[in-house]
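Participant: This is the structure alone, sequence omitted:
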């Protein structure tokens, strides 16, 4: 086992680099759909990828962005439980602010849910169900994400993981930060619906 002064920065660096892989950008380019940053909202996440009309690429982006969040936490956790929270925040920051894209990344929803599934899978499943159910019913991705992450601290408490409340609050805070423009549009009822 590595000493803490090496383990923590190494776990953070690994998780950040994993999180910074822009799957939405890479997959749309590989599929010949151009630069996703020049389409729709310009975001590299699955919701914007869906605006290309390619549902398979959007689904792949969603799964891979979620998988990298879960993988970072699970791999770091194998080297010590105290490394999992470090990896959770680092993988989120990597996705939101990737060094390869001048620190302009995605909004963190799929990656955040992947992180929560790895930290407390029952709470992660509840979040995923809330997000998917609201998105299907209301057709507003941002609102679905905001509600799901707002309840993240409650979800982890419900499943007796009060130790995760601060981390859930921090992740929710990051999601609300990246959605600040969406929140403004939601208040003014100008937020576009999924697929528009």
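Facilitator: Thanks, I have the structure now. No experiment lies behind these values; they were computed from the predicted model shown.

Participant: show me where the chain has helices.
Facilitator: Under the criterion DSSP state H, helices of the chain are mapped to 4-19, 23-30, 46-50, 55-78, 84-96, 109-119, 121-138, 141-150, 152-158, 165-178, 180-187.

Participant: Now do the same for residue 5: its pLDDT.
Facilitator: Here the pLDDT value assigned to residue 5 is 67.

Participant: Output the contacting helices and strands for the lowest-mean-pLDDT helix or strand in the chain.
Facilitator: Every helix and strand of the chain was ranked by mean pLDDT, DSSP states H and E. The lowest is helix 46-50, at a mean of 85. Under the contact criterion of 3 or more CB pairs under 8 Å, 6 or more residues apart in numbering; DSSP states H and E, helix 46-50 touches helix 23-30, helix 55-78. The way it works is simple: take the backbone N, C-alpha and C, and place the C-beta from them, glycine included.

Participant: got the helices of the chain as TSV, with distance to residue 37 columns?
Facilitator: Below are the helices of the chain laid out as TSV (distance: least, CB to CB, whole Å):
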stretch	distance to residue 37
helix 4-19	18
helix 23-30	7
helix 46-50	9
helix 55-78	13
helix 84-96	15
helix 109-119	17
helix 121-138	23
helix 141-150	18
helix 152-158	28
helix 165-178	15
helix 180-187	15
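
Participant: Just name the most buried of those helices.
Facilitator: Among these, helix 109-119 has the highest mean neighbour count (mean count of other CB atoms under 10 Å), at a mean of 29.

Participant: for that helix, packing partners?
Facilitator: Contact partners of helix 109-119 among helices and strands, from 3+ CB pairs under 8 Å, 6+ apart: helix 55-78, helix 84-96, helix 121-138, helix 141-150, helix 152-158, helix 165-178.

Participant: Having no further points to raise, I will conclude here.
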